[in-house]
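A.B. asks: I'd like to go over a predicted model; first the sequence, then the structure.
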Amino acid sequence: MDVHPKPSSDPATHCEIRSVGIIGAGAMGRGIAAANVNAGIQVFIADAHDNAAAAVTEAILRSSPASNNDVPIAVAVTSDDQFADVDLVIEAVAEDEAIKMNVLSRIEPYLRPDAVLTSNSSSIPMTRLAACLKIPERFCGLHFCYPVDKRPLVEIVGTDVTNASTLAEVHSYATYIGMAPIAVRDAPGFLLNRLLVPYLNEALELVLNQADIRTINATAMTFGFPTGPLMQLDEFGMDVALEVGKTLYQSFPDRILPSELLIAMFKARRFGRKTGRGFYFDDGAQSDNIVPDVQEIVRRRLRSTAPVPDAQIERRLFLPMLLEATRTLESSLVDRAAIVDKAIQDGLGMTDSYTGLFSWADAIGASTIVDWLRPLQLLGKRFEPTSILLDVASREGAKLADWEQTSVR
């Protein structure tokens, strides 16, 4: 189900932000700029390539009239000092820690003392990025999801030193422009990508284990995903998926798999829809089946084990995601299971088939899931039951979907 951000019409929604600087005019920067303009907030857009920023600005101006004061709603920025008067800056450059730190440290001296500085990073811990700043108290993560016009989730990620007033201001701003913000504790991958990476990685493992791709897709879409996992990778981009996966692998090497297939796709420069070459795209043409060149990439890497039975696909796809969701609760990234389920809905564009990851598990039963995991633990620690799962399985009538921080015994 597509969700298009709309400016908040609730008079109780107060927002001090009237101008936003966006650094990065790629797909994310464009989407964030559009969401701001739709809410009547002026945007200043910069990019390493000035013509990219100008192109985005021109497109916005063609579709959005200037304000009543004839002040352009969008301005292409060609020098850092043009951010001197903005209320909020959103860094939206490549998912590369060194590049992001360079941009953040370069921009910070030009900002007003009361301006808020944020990063749209989808996986790099904010504490690491904040290390390059002189005033880290006004810095936080502001992770929009792709595509911004259809995915309302925004993860707001504070560090131990981020001012509470900064977090409150950013939360009000995200609500004002029509998004659905949640507060997430700082950690690699935050919440959404902590859940998504195990799911996508397991899908790639299933493909190399000779599971039927059509069955994988049908299983995912029956659960509520808008597309199959390989198409989802085409939409995100193999380069972004690899960078996010690398960040998570560095932190959780015992349960995050470096995907041989994802690396092969990256090396073949099959980055997905944005380059017209991915699992289902070949020079811009989309196919219903993975394209022949990719079939060959897969064929050369197939495992010699027996093919995965169709009945195992559902368990292999969703159990690593479920277990990682319980780990995010155990580590207090968020304090309620309901927040996890809502984040998946808002961040991944789930269809009406989606009833919730934890509700899916409760319908099966925690005890049954523990039984399902026993043979799968031979595949690695990503299938090891967690304390929350075992606790719920031990208590008659207990449900994972009802879990809150106070549920811990």
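C.D. replies: It's in.
A.B. asks: my guess is A92 contacts I23, does it?
C.D. replies: Yes: at 6.3 Å, A92 and I23 qualify as touching, with contact defined as CB atoms under 8 Å. The way it works is simple: take the backbone N, C-alpha and C, and place the C-beta from them, glycine included.
A.B. asks: shared neighbours, those two?
C.D. replies: When CB atoms under 8 Å, 6 or more residues apart in numbering defines a contact, the residues bordering A92 and I23 alike are G29.
A.B. asks: As a check, name the ranges of all strands in the stretch 151-300 of the chain.
C.D. replies: Remark: strands assigned in the stretch 151-300 of the chain by DSSP state E, counting those that start in this stretch are 153-158, 180-185, 281-282, 285-286.
A.B. asks: helices and strands around the first one, which ones?
C.D. replies: With contacts defined as 3 or more CB pairs under 8 Å, 6 or more residues apart in numbering; DSSP states H and E, the secondary structure elements packing on strand 153-158 are strand 139-144, helix 164-176, strand 180-185, helix 337-348.
A.B. asks: Check the offset of stretch 195-204 from the chain's centre.
C.D. replies: Centroid separation between stretch 195-204 and its chain, computed with CA atoms, centre = their mean, to the nearest Å, is 13 Å.
A.B. asks: For it, report the contacting residues that lie outside it.
C.D. replies: 189, 216, 220, 228-230, 232-233, 241, 244-245, 248, 255-257, 259-262, 316-318, 320-321, 323-325, 328, 340, 343-344, 348, 357, 382.
A.B. asks: Quick check: mean pLDDT of it?
C.D. replies: Mean pLDDT, computed over stretch 195-204, is 98.
A.B. asks: Likewise for stretch 363-377?
C.D. replies: On average, stretch 363-377 scores 98.
A.B. asks: Provide the contact partners of that stretch at residue level.
C.D. replies: 315-316, 319, 322, 355, 361, 383-385, 389-390, 392-393, 398, 400.
A.B. asks: Also stretch 154-168?
C.D. replies: 116, 126-127, 130, 136-145, 170-171, 174, 179-186, 190-192, 343, 347.
A.B. asks: again, but for stretch 326-341
C.D. replies: Contact with stretch 326-341 is made by 182-185, 187, 190-191, 194-195, 325, 343, 356-359, 386-389, 400-405, as judged by CB under 8 Å, 6+ apart.
A.B. asks: For PyMOL, what selects the buried ones among those?
C.D. replies: Only the buried entries of the contacts of stretch 326-341 go into this PyMOL selection, using 16 or more other CB atoms under 10 Å:
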select buried, resi 182+183+184+185+187+190+191+194+195+325+343+356+357+358+386+388+389+400+401+403
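A.B. asks: Narrow the contacts of stretch 326-341 to those in helices?
C.D. replies: Of those, the ones assigned to helices by DSSP state H are R194, L195, A325, A343, L357, F358, S359, S387, I388, L389.
A.B. asks: how much space between the fourth one and G356?
C.D. replies: Right, the one you point to is A343. For A343, the distance to G356 equals 11 Å [CB to CB, to the nearest Å].
A.B. asks: Repeat that for the third one.
C.D. replies: Counting by CB to CB, the gap between A325 and G356 amounts to 10 Å.
A.B. asks: Considering the contacts of stretch 363-377, which possesses the most neighbours?
C.D. replies: The most crowded member of the contacts of stretch 363-377, judged by other CB atoms under 10 Å, is L400 (28 neighbours).
A.B. asks: any idea of the pLDDT on that residue?
C.D. replies: 98.
A.B. asks: Spell out which residues sit in contact with it, please.
C.D. replies: So L400 contacts T326, A337, F358, A361, D362, A366, I388, L389, V392 (CB under 8 Å, 6+ apart).
A.B. asks: Mind doing that once more with 10 Å?
C.D. replies: 322, 325-326, 329, 337, 340-341, 356-362, 365-366, 369, 388-389, 391-393, 407 (CB atoms under 10 Å, 6 or more residues apart in numbering).
A.B. asks: Run the chain-centre distance for the lowest-mean-pLDDT helix or strand in the chain.
C.D. replies: Every helix and strand in the chain was compared by mean pLDDT, DSSP states H and E; the lowest is strand 285-286, with a mean of 91. How far strand 285-286 lies from its chain's middle: 25 Å, per CA atoms, centre = their mean.
A.B. asks: partners of that strand in the sheet?
C.D. replies: Looking at strand 285-286 with DSSP bridges, its partner strands are strand 281-282 (antiparallel).
A.B. asks: Can you give the distance from the partner strand to the centre of its chain?
C.D. replies: On CA atoms, centre = their mean, the centre of strand 281-282 falls 24 Å from that of its chain.
A.B. asks: pLDDT averaged over it - what is it?
C.D. replies: For strand 281-282, the mean confidence score works out to 94.
A.B. asks: got a list of contacts for that strand?
C.D. replies: 231, 234, 270-276, 287, 290-294.
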